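Novice: Below are the sequence and a predicted model; questions follow.
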Number of protein chains: 2
Amino acid sequence: MLTDIRIKGIFLLGYRFPKTVANKRNKFIKKMVMAMKVTIADVASKAGVSKTTVSRVLNGNFSHTTEATKQRILNAAKELDYSPNALAKSLKSMKTNIIGMVLSNLKNPFWTTVLEGVEDTCRELGYNLMICNSNEDPTVEEQFIKEFQMRQVDGIVLHPTAQNNHIYQKLADSKLPLVFINRRVGDLSALNVVMDNVKGAKTAVDHLLKNGREKVAVVLYDNRFVSPWRERKEGYQKALLANNFMPEDFLVLEVDQQKGNVKKETIQFLKENPEIDAIFSTNNMLTMEVIEAIKEMGLEIPVDIGIVSYDETVWARHLTPPLTTIWQPGYEMGRLAARNLINSIEDPSFQTGQTIILEPQLIVRESCGNIKSKV
Amino acid sequence: MLTDIRIKGIFLLGYRFPKTVANKRNKFIKKMVMAMKVTIADVASKAGVSKTTVSRVLNGNFSHTTEATKQRILNAAKELDYSPNALAKSLKSMKTNIIGMVLSNLKNPFWTTVLEGVEDTCRELGYNLMICNSNEDPTVEEQFIKEFQMRQVDGIVLHPTAQNNHIYQKLADSKLPLVFINRRVGDLSALNVVMDNVKGAKTAVDHLLKNGREKVAVVLYDNRFVSPWRERKEGYQKALLANNFMPEDFLVLEVDQQKGNVKKETIQFLKENPEIDAIFSTNNMLTMEVIEAIKEMGLEIPVDIGIVSYDETVWARHLTPPLTTIWQPGYEMGRLAARNLINSIEDPSFQTGQTIILEPQLIVRESCGNIKSKV
DNA sequence: GTGAAAGCGCTAACAA
DNA sequence: TTGTTAGCGCTTTCAC
């Protein structure tokens, strides 16, 4: 009794026992907690039936059970506040109903939208979501994939760094349902849900050209490993070529986003190429810097320089002038990825290896029109 | 052989078997997959030792093991590409190393920052993160909490809807480590990591007042269940009272964000109170609408109306004029929540029931200065 | 230094 | 209609 109180007192004060004593205490506490956990056996004995029957009833297999026993069991479960242990269930059934998702960048609001799509779909379909953030680091990505495998997730949604082909291959071979999003990883028996980046880029540049721009530059971020990078560049080039420009006319600025001097680089670039009258910016984070650069040079949008930016954002329409953007169906991408993944989890004969391509859309605002009439 | 090829052919074509046949196939596939899974027993037999020894070695208990056997085991594990089953491990040890997090709003970039803090910390400390989104729905919140309990997560980070006090109480009583973030839920033996919203609001309004504003209004979002709502309102009132204003001078607009006509309501409000020369906006989403409203009325920021907004965002400095904001340490909040939660998981005597309060900061830009000189 | 055996909480084939 | 029993893959006493 005394000990009890003393322990409790110390406990309340948050006192830390010396290691060994603390360990003993912890073990003791653990044991107590475990003893308090109510299992299916407790429900069974309380209801006076076997564990099997309880399991059956609780899983909705009433078909061969008396209404009376069913009620007894349900009551017992409620009274004991029984909550089944998903771990044990999963260990037995080899099904966790968990989906693992590897993101590479939490900062960009685009990914929040995607995440929302995945999360919503998981919930609707009875899955839980485990997420982690590779931060574009292939080593971290690899570690997380292993982690997911150990945890026996039912499937993985992966925004690949695209620098771990060996791992992706192994993963696909392991038959663990897998879907790549946003970035293409070809030739694997895995689902792909991606955007049509060539089209998006082409649309953007076409729009600039149609508005009378004659020297359209592209500002590219710095990840040439990934398909959207290649495709947006390609789209830019295609648009120019289709409008009778030559490869010599390509005006490409590749910036290192990590370094944080995008603005400086842009100013430099614009000074070296004063003929530029339009910029296609390939992502929303870049765009902010580009706009700053333009303003800092005393140029005006859209009069001096028109701009179209990839990625619609909440703030695009509130900028001055309101920004013309390429919107991508991020939420849809998330939903489709999750839904298809779950399909292939629940039906192993579900068609795998297919690629779903989503269409971006041009949202016209005021950052391209009203070009300064040339002399 | 023939069957094999046929099945394979159909499989590749994504043909769906009739239900019963499909079930048989799936069961077959499942069995094959399970047979292929390499367990600790496989490693043991390959290395010619018992499971016990393998377990010991793989968990770093070399102390009583020959270097030779250790190597044999390590090699066997590598050759078989053995990956331990975390489910079984957890079932036995009653420890999942999973933290569950309930968010209420994925759309607001503030939460992405918090999530990042939590995620980073979990990774560093060897935990995985399971997230879900209550969308401010208490029923969903309740369901997710139950889900987490069934999954035996080691702890929960909760952004409470604040409408489930009964559940919170039960959760706290269950001794499952728990931390509330951002919104206070008092009197429970759970950690709280929150912001000083009174101070943030007071700072914002003080700033407006110091810049010569005389009629400062507040635009409040519509969730009066939650502590930040009360505290921001309180901060606004305190600031006015401390500057010799009377309660009659309070100018409060409460808007229903869901309905989506914040802009309209704001315009209405401004028309009814034309003397207003400053607005304190209580969250970043609201602010956009308020700014639109002001612009639409032909008023100019900051000349006619000054504005300070809660929540710093990437776009605040790019607006015209650049927005003065209250920055909140969201990333820090995430980190602290996770770190303290994990502390209390790993040391049950860790002080519980404490509240950590983080300080917001005023970021001064140009949306308050240059007031129109009054006649 | 190593292994046999029990058991974490649950499900499901097979009996009764 | 219900119960017995044998595991799922792992850790951990307790022997040897």
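Specialist: Cool, the structure landed.
Novice: from here on, contacts and neighbour counts on C-alpha atoms
Specialist: Noted.
Novice: and the residue of the stretch 201-350 of chain A nearest DNA strand C?
Specialist: residue A:346 (14.3 Å; CA to the nearest atom of the strand).
Novice: And that residue, its phi and psi?
Specialist: Main-chain dihedrals, residue A:346, degrees, to the nearest 10: phi -90, psi -20.
Novice: Counting neighbours, what do you get for it?
Specialist: Each residue near residue A:346 was counted by other CA atoms under 10 Å in any protein chain shown, and the total is 13.
Novice: so how far is DNA strand D from it?
Specialist: From residue A:346 across to DNA strand D, the span is 19 Å (CA to the nearest atom of the strand, to the nearest Å).
Novice: what's the answer for residue A:173, then?
Specialist: Taking CA to the nearest atom of the strand, one finds residue A:173 at 18 Å from DNA strand D.
Novice: residues touching that residue, list them.
Specialist: Going by CA atoms under 8 Å, 6 or more residues apart in numbering or on different chains, residue A:173 touches residue A:189.
Novice: Which pLDDT value belongs to the residue of the stretch 201-350 of chain A closest to DNA strand C?
Specialist: At residue A:346, the model reports a pLDDT of 92.
Novice: what do you get for residue A:123?
Specialist: Residue-level pLDDT assigned to residue A:123 equals 96.
Novice: secondary structure class for it?
Specialist: When classified by DSSP: H, G, I helix; E, B strand; the rest coil, residue A:123 comes out as helix.
Novice: how near is it to residue A:294?
Specialist: Distance of residue A:123 to residue A:294, computed by CA to CA, to the nearest Å: 44 Å.
Novice: Looking at the two, which is more packed in?
Specialist: For residue A:123 versus residue A:294, neighbours defined as other CA under 10 Å are more numerous around residue A:294 (18 against 15).
Novice: give me every residue that touches that one.
Specialist: A:267, A:300-301, A:305.
Novice: Which of those residues sits closest to residue B:224?
Specialist: residue A:301 (42.1 Å; CA to CA).
Novice: what's the neighbour count on the closest residue to the closest one other than its chain neighbours?
Specialist: Distance criterion CA to CA, 6 or more residues apart in numbering or on different chains; nearest residue to residue A:301, sequence neighbours excluded, is residue A:367 at 6.0 Å. For residue A:367, the neighbour count with other CA under 10 Å is 25.
Novice: pretty sure residue A:367 is in a helix, no?
Specialist: No - with three-state DSSP as the criterion, residue A:367 is located in coil rather than a helix.
Novice: hmm, back to that, for the contacts of residue A:294, please prepare TSV with the additional fields secondary structure, neighbour count and distance to residue B:198.
Specialist: Listed next are the contacts of residue A:294 as TSV, based on DSSP: H, G, I helix; E, B strand; the rest coil; neighbours: other CA atoms under 10 Å in any protein chain shown; distance: CA to CA, whole Å:
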residue	secondary structure	neighbour count	distance to residue B:198
A:267	helix	19	42
A:300	coil	16	41
A:301	coil	24	40
A:305	coil	24	44
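Novice: can those residues go into CSV with extra columns for pLDDT and distance to DNA strand C?
Specialist: Shown next, in CSV, are the contacts of residue A:294 (pLDDT from 0 to 100; distance: CA to the nearest atom of the strand, whole Å):
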residue, pLDDT, distance to DNA strand C
A:267, 97, 63
A:300, 94, 66
A:301, 95, 63
A:305, 96, 64
